[in-house]
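Visitor: Sequence and predicted structure are below.
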Number of protein chains: 2
Amino acid sequence: MFEIIAEPNRRAILSLLVLSQQSVGEIERQLGMAQPSVSKHLRVLREAGFVESTVDAQRRLYRLKPGPFQEVDAWLAPFRRFWSAHVDALERHLDRMEKSVPTKRKTKRRRRGPGRGPDKGETE
Amino acid sequence: MFEIIAEPNRRAILSLLVLSQQSVGEIERQLGMAQPSVSKHLRVLREAGFVESTVDAQRRLYRLKPGPFQEVDAWLAPFRRFWSAHVDALERHLDRMEKSVPTKRKTKRRRRGPGRGPDKGETE
DNA sequence: CACGTATATACTCTTCAGGGTATATCAGAA
DNA sequence: TTCTGATATACCCTGAAGAGTATATACGTG
């Protein structure tokens, strides 16, 4: 599922389709990619459940399907908890800075909390 | 960025790290993968900003960084609008069914809204 | 210093995904 | 039916990513 959206062209196609349904030819023109390539990516997207197609004469109209996106969102959920905590911490940090350091001054390096263990490492 | 999380082992590593920071060896054991492989994936994750490392004697402790996750979330945003609309539609649909069809009966096919265009296709 | 542990890196090999080209299929028009 | 436009598929080729193995580097300990 993640492999599907790892491909830039496929993400481009999805971004197009979020606006409205499109035929293969329209996608081909708007993205400037070769027709077989478009068809192939659409096939992958269809088999993964990201899109569905509707026949309109010789054309096929493709549109999004919600399922996989929800799965991506679900995968993201645990990390979302994590990063919002970090944002909070950052905000508190900035609050403190704002109060204590009205104007330019080298921020003094502070050791991190009472936590156990050494903390000498540099972040690479 | 999506290429990063497309790799199953990397997602496994991230899922471990969401619990707490881990050393390379701990990851290696818990996931049962080879040490060079772990190091390589961690390198990729680090260069993409998903994790950061802290030196603790001969160990390196890895922990998550929020940035890229937020980017994934941001990418997902437009589609989120889209799929929640679909969920709404589904709910309305189910509501209607519940009201009108108390028990088994073939749901009558209805043509879609006042919108333009033919709609004869089957969904593949 | 020599040694063991923990981690990173270099190298090779294999696999596979995506691009390109040619062609098949299908629907409509003449 | 024949031609044309729209899309799908088959085929080949190339590049790049991941696994595996061996080795380098860094740190702590005796």
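Guide: Sure, I can see it.

Visitor: Show me where chain A has its helices.
Guide: For chain A, the helices defined by DSSP state H cover A:2-6, A:8-17, A:24-31, A:35-47, A:67-100.

Visitor: how about the CA coordinates for the shortest one, as CSV?
Guide: C-alpha atoms of helix A:2-6 as CSV (Å, rounded to 0.1, in the frame of the first residue of the first chain):
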residue,chain,number,x,y,z
PHE,A,2,2.8,2.3,0.9
GLU,A,3,4.7,1.1,-2.2
ILE,A,4,1.8,2.4,-4.2
ILE,A,5,2.1,6.0,-3.1
ALA,A,6,5.9,5.9,-3.0
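
Visitor: And DNA strand D, is that helix touching that?
Guide: No: if you take C-beta under 7 Å from any atom of the strand as the test, helix A:2-6 misses DNA strand D, and the best it gets is 9.0 Å. In this view, the C-beta of every residue, glycine as well, is placed from N, C-alpha and C.

Visitor: Please name every helix or strand in contact with that helix.
Guide: helix A:8-17, helix A:67-100, helix B:2-5 (3 or more C-beta pairs under 8 Å, 6 or more residues apart in numbering or on different chains; DSSP states H and E).

Visitor: Next, the buried residues of the shortest one.
Guide: In terms of neighbour count (16 or more other C-beta atoms under 10 Å in any protein chain shown), helix B:2-5 has its buried residues at B:2, B:4, B:5.

Visitor: any chance of those in JSON lines, plus pLDDT and distance to residue B:35?
Guide: Formatted as JSON lines, these follow (pLDDT from 0 to 100; distance: C-beta to C-beta, whole Å):
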{"residue": "B:2", "pLDDT": "95", "distance to residue B:35": "26"}
{"residue": "B:4", "pLDDT": "97", "distance to residue B:35": "20"}
{"residue": "B:5", "pLDDT": "97", "distance to residue B:35": "22"}
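
Visitor: of all the residues in chain A, which ones are close to DNA strand D?
Guide: Checking chain A against DNA strand D by C-beta under 7 Å from any atom of the strand, the hits are A:23-25, A:28, A:35-36, A:38-40, A:42-43, A:53, A:58-60.

Visitor: Which residue in these has the weakest pLDDT?
Guide: Here the lowest pLDDT out of the residues of chain A next to DNA strand D sits on residue A:58, with 91.

Visitor: and that residue, how many neighbours?
Guide: 7 (other C-beta atoms under 10 Å in any protein chain shown).

Visitor: How about the contacts made by residue A:14?
Guide: Contact analysis of residue A:14 by C-beta atoms under 8 Å, 6 or more residues apart in numbering or on different chains lists A:5, A:45, A:50, A:51, A:64, B:79.

Visitor: The helices of chain A into TSV, with extra columns for distance to residue B:70?
Guide: Compiled in TSV, the helices of chain A are given as follows (distance: least, C-beta to C-beta, whole Å):
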stretch	distance to residue B:70
helix A:2-6	16
helix A:8-17	17
helix A:24-31	26
helix A:35-47	25
helix A:67-100	6
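
Visitor: export those to a markdown table and tack on distance to DNA strand C?
Guide: Below are those laid out as a markdown table (distance: least, C-beta to the nearest atom of the strand, whole Å):
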| stretch | distance to DNA strand C |
| --- | --- |
| helix A:2-6 | 6 |
| helix A:8-17 | 5 |
| helix A:24-31 | 10 |
| helix A:35-47 | 4 |
| helix A:67-100 | 15 |
